[in-house]
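J.: The following block contains a protein sequence and its predicted model.
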Amino acid sequence: MNNPHSAACISHEAVTAAVYATPSPLVQDAVSSTTTFRQLFDATSSTFTYLLGDDSSKTAIIIDPVLDQVERDLQIVEELGLTLRYALNTHCHADHVTGSGEIKKRCPLTKSAISEASGCKADILLHDGDEVHFGGNILHVLATPGHTNGCMSYYTESLGGMIFTGDTLLIRGCGRTDFQEGNARKLHRSVHRKLFTLPASTKVYPAHDYKGHACSTIGEEMAFNPRLRLHEDAFKKLMDDLHLPYPKMMDLAVPANTQCGS
Ligand SMILES: N[C@@H](CCC(=O)N[C@@H](CSS)C(=O)NCC(=O)O)C(=O)O
Ligand SMILES: [Fe+2]
């Protein structure tokens, strides 16, 4: 069989997954079912991918899949009996090619999603305040520009509160602001206004880690993040002085990612 995963991806009945375009506050009715959660890691690009599944409806979403890891990711989806409804990207990645296009080919029920501000193609173009529903779970879409103009963070109250921060907020760090329309002042404001206003116990799940961390909390990052603890002017100076080498795959990844989720 050409595609060992497609049966698992399309065998379940379509259920209540939906994206609503109307903004809403970060409150929701009681979550009606428990949630499966997996954090996956690509060692080559130091990228985290997240799988979230609704245990009643068996619908699932994946955040920031990596092309080279699609086999691994779809195997877990199949093993857990999940149906992938959305492949979401937090932004137009510069260090790896997204797996969303390949996942769509293998799982026809999956729709790709990224912010409209990213300028990328995808089935669903997200805006601040949108909600992604899968079963009884809601993912709230927060625009957090700064690393790129189109950066989004995704917040859910499920499992005690989790925020998927992309490269906006890393554990004890943050995304660079020296390419892809990066802007240190915007990033600082995004973090302080959109992320540091979430409950302190909210668990932080970033798109990358380079230091051996896997999870943090908003409270921890407010207290200990050496970059984001700074005031805006000092933060801008620090970011302007980083002088990091560009990601090795940038020239390949950025053009590929503008097309890949369509
Ligand atoms: N060495 C890696 C790229 C490392 C890098 O630049 N990471 C980005 C996120 S991917 S756009 C970043 O923002 N880093 C912040 C930092 O402080 O390191 C490679 O070559 O792929
Ligand atoms: Fe990035």
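T.: Looks like it came in fine. Numbering: from 1, shown residues only. Ligands and ions are numbered 1, 2, ... in the order given.

J.: number of nearby residues for the closest residue to residue 151 other than its chain neighbours?
T.: Nearest residue to residue 151 in three dimensions, chain neighbours excluded: residue 91, at 4.4 Å (CB to CB, 6 or more residues apart in numbering). Bear in mind the C-beta positions are built from the backbone N, C-alpha and C, glycine included. Neighbourhood size, residue 91 [other CB atoms under 10 Å]: 28.

J.: Residue 211 now?
T.: 10.

J.: How much space separates the one residue sitting closest to the centre of the chain from residue 160?
T.: Nearest to the geometric centre of the chain sits residue 90, at 3.9 Å (CA atoms, centre = their mean). Distance of residue 90 to residue 160, computed by CB to CB, to the nearest Å: 21 Å.

J.: Is the residue nearest to residue 151 in contact with residue 167, as I believe?
T.: Yes - in this structure, residue 91 is within contact of residue 167 by CB atoms under 8 Å, at 6.5 Å.

J.: any common contacting residues for those two?
T.: 147, 148, 151, 207 (CB atoms under 8 Å, 6 or more residues apart in numbering).

J.: Show the pLDDT at the second one.
T.: Right, the one you point to is residue 148. Listed pLDDT for residue 148 reads 98.

J.: roughly how far apart are it and residue 80?
T.: Counting by CB to CB - residue 148 and residue 80 are separated by 32 Å.

J.: ok, now the last one?
T.: Distance, residue 207 to residue 80, using CB to CB: 22 Å.

J.: What of residue 125?
T.: 29 Å.

J.: Quick check, residue 55 in contact with residue 37.
T.: No - applying CB under 8 Å, one finds residue 55 not in contact with residue 37, separated by 10.5 Å.

J.: Sketch out the low-pLDDT regions of the stretch 151-262 of the chain for me.
T.: 262 (pLDDT under 70).

J.: Which residues of it lie near ligand 1?
T.: 167, 173, 175, 176, 208, 210, 244, 247, 248, 249 (CB under 6 Å from any ligand atom).
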